[in-house]
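> this is a predicted model, with the sequence first.
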Protein chains: 2
Amino acid sequence: MGDDYSNVSIAPCKYEYLDHTADVQLHAWGDSLKEAFEQCGMAMFGYMTELDSVEIEDVHEIEATGDDLEGLLYHFLDELLFLFSCEPNIICKKVEIVTFDVDGAEMKIKCKCYGEEFLIGKHPQGTEVKAITYSAMQIIDDADKHEVYVIIDI
Amino acid sequence: MGDDYSNVSIAPCKYEYLDHTADVQLHAWGDSLKEAFEQCGMAMFGYMTELDSVEIEDVHEIEATGDDLEGLLYHFLDELLFLFSCEPNIICKKVEIVTFDVDGAEMKIKCKCYGEEFLIGKHPQGTEVKAITYSAMQIIDDADKHEVYVIIDI
């Protein structure tokens, strides 16, 4: 027979858990930098819910600008996040960049966002994306390699 | 009638999610620094599972040393984490420090750990604790205030 620990007193709880921080890195690629940006946008929405559950009911257009590629990618993702964060909360299944102007002093994207309003019950709740970050951002745009790495706060 | 988007093509998936990092801050307090340390240990186990589901079937003794209070707290929690990480994986409901020697050059803790082997099915799986950190560690030991803050990687 083992020892009897039934009389061991249990202390009252004098602790708490303070906010945790977390992040995840998105890695997206494509046959062009434009496609890598589009894929990165879809990766972000895919982290928020299962994209298979999303239907295309509507299309929204966003614009983003930047002084360099990093700024452009940041603002592009931030605009997509804004689409989701404001009423009606739009979740996108397809992200189609129709203008990708990265040659001038001010770089610019215009993008069509296909999706629908996020509905609890219809769309599985993934992880909340709190913010885009510049942390360890990488944009590779070689002749045969078009990739982006972005860390998002969750 | 709304527009018809049934012909919108969906791009293949060209993205992936790379490992995320996360942490949570434990905040524990007590009527003495010793009690705050004990509570901090229980806070860590409480993050791994629901302590209400844990029964006391066994007692294990651990020891930890440190050159200063921060080192002592770090090694104390690390020893508790080690109890859980090695076979048999012990989860503790009660952590009782029986020696709390913080006056000498080498500080020392001896601690009784009451709990049982972690069993999937019996114990709800909380969040895996990967490591203790020194990041932003705070130890307050005033006349009327005994508190610790520890960030753990999860």
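It's in.

> ramachandran coordinates for the residue at minimal distance from the centre of chain A?
Nearest to the mean C-alpha position of chain A, by Cα atoms, centre = their mean, lies A:Met44 at 2.6 Å. Main-chain torsions, A:Met44, degrees, to the nearest 10: phi -60, psi -50.

> A:Asn89 contacts A:Glu117, doesn't it?
Yes. Using Cβ atoms under 8 Å, A:Asn89 makes contact with A:Glu117 at a distance of 6.2 Å. Every C-beta, even on glycine, is put in place using the N, C-alpha and C of the backbone.

> would you confirm that A:Tyr47 contacts A:Gln125?
No. Using Cβ under 8 Å, A:Tyr47 makes no contact with A:Gln125, being 11.2 Å away.

> the two: which has the busier surroundings?
Using other Cβ atoms under 10 Å in any protein chain shown as the criterion, A:Tyr47 and A:Gln125 rank with A:Tyr47 on top: 19 against 11.

> residues near A:Leu69, how many?
So A:Leu69, with other Cβ under 10 Å, has 16 neighbours.

> number of residues surrounding the nearest residue to it once chain neighbours are set aside?
Closest residue to A:Leu69 apart from its sequence neighbours, by Cβ to Cβ, 6 or more residues apart in numbering or on different chains: A:Ile139 at 4.9 Å. Look at A:Ile139: counted by other Cβ under 10 Å, it has 18 neighbours.

> can you spell out which helices and strands pack onto the helix or strand containing A:Ile139?
In this assignment (DSSP states H and E), A:Ile139 forms part of strand A:138-141. Under the contact criterion of 3 or more Cβ pairs under 8 Å, 6 or more residues apart in numbering or on different chains; DSSP states H and E, strand A:138-141 touches helix A:69-85, strand A:146-153.

> buried sites along the longest one?
When burial is assessed from 16 or more other Cβ atoms under 10 Å in any protein chain shown, helix A:69-85 yields the following buried residues: A:69, A:71-77, A:79-81, A:83-84.

> what's in contact with it?
With Cβ atoms under 8 Å, 6 or more residues apart in numbering or on different chains as the test, helix A:69-85 has contacts from A:33, A:37, A:40-41, A:44-45, A:48, A:60, A:62-66, A:90-92, A:95, A:102, A:107-109, A:111, A:113, A:118, A:129, A:131-132, A:134, A:137, A:139, A:141, A:148, A:150, A:152.

> buried only: go through these for me.
A:33, A:37, A:40-41, A:44-45, A:48, A:62, A:64, A:66, A:90-92, A:95, A:102, A:107-109, A:111, A:113, A:118, A:129, A:132, A:137, A:139, A:148, A:150, A:152.

> nearest to A:His20, of the helices and strands packed on strand A:138-141?
With Cβ to Cβ, the closest approach to A:His20 among the helices and strands packed on strand A:138-141 belongs to strand A:146-153: 11.2 Å.

> check what contacts that closest one and list those residues.
Contacts of strand A:146-153 (Cβ under 8 Å, 6+ apart): A:21-33, A:35-37, A:40, A:44, A:47, A:73-74, A:77, A:129-133, A:135-140, B:18.

> how about that strand as PDB, C-alpha atoms only?
Extracted C-alpha coordinates of strand A:146-153, given in PDB (Å, rounded to 0.1, in the frame of the first residue of the first chain):
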ATOM      1  CA  HIS A 146       9.900  35.300 -55.400                       C
ATOM      2  CA  GLU A 147       9.300  34.800 -51.700                       C
ATOM      3  CA  VAL A 148       8.300  36.800 -48.600                       C
ATOM      4  CA  TYR A 149       8.600  36.100 -44.900                       C
ATOM      5  CA  VAL A 150       6.500  38.200 -42.500                       C
ATOM      6  CA  ILE A 151       6.000  37.800 -38.700                       C
ATOM      7  CA  ILE A 152       2.500  38.600 -37.400                       C
ATOM      8  CA  ASP A 153       1.500  39.100 -33.800                       C
END
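
> ok, that strand: who's next to it in the sheet?
Note on strand A:146-153: by DSSP bridges, its sheet partners are strand A:15-29 (antiparallel), strand A:131-132 (antiparallel), strand A:138-141 (antiparallel).

> what's the angle from it to helix A:69-85?
Compare the direction of strand A:146-153 with that of helix A:69-85 by axes from the mean of the first three to the mean of the last three Cα atoms, to 10 degrees and you get 50 degrees.

> tell me how far strand A:146-153 is from the chain's mean position?
9 Å (Cα atoms, centre = their mean, to the nearest Å).

> just stretch A:37-49 next, same as before
Using Cα atoms, centre = their mean, the offset of stretch A:37-49 from its chain centre is 5 Å.

> near chain B, anything from it?
Yes. Interface with chain B: stretch A:37-49 contributes A:Glu38, A:Gln39, A:Cys40, A:Met42, A:Ala43, A:Gly46, A:Tyr47 (Cβ under 8 Å from any Cβ of the partner chain).
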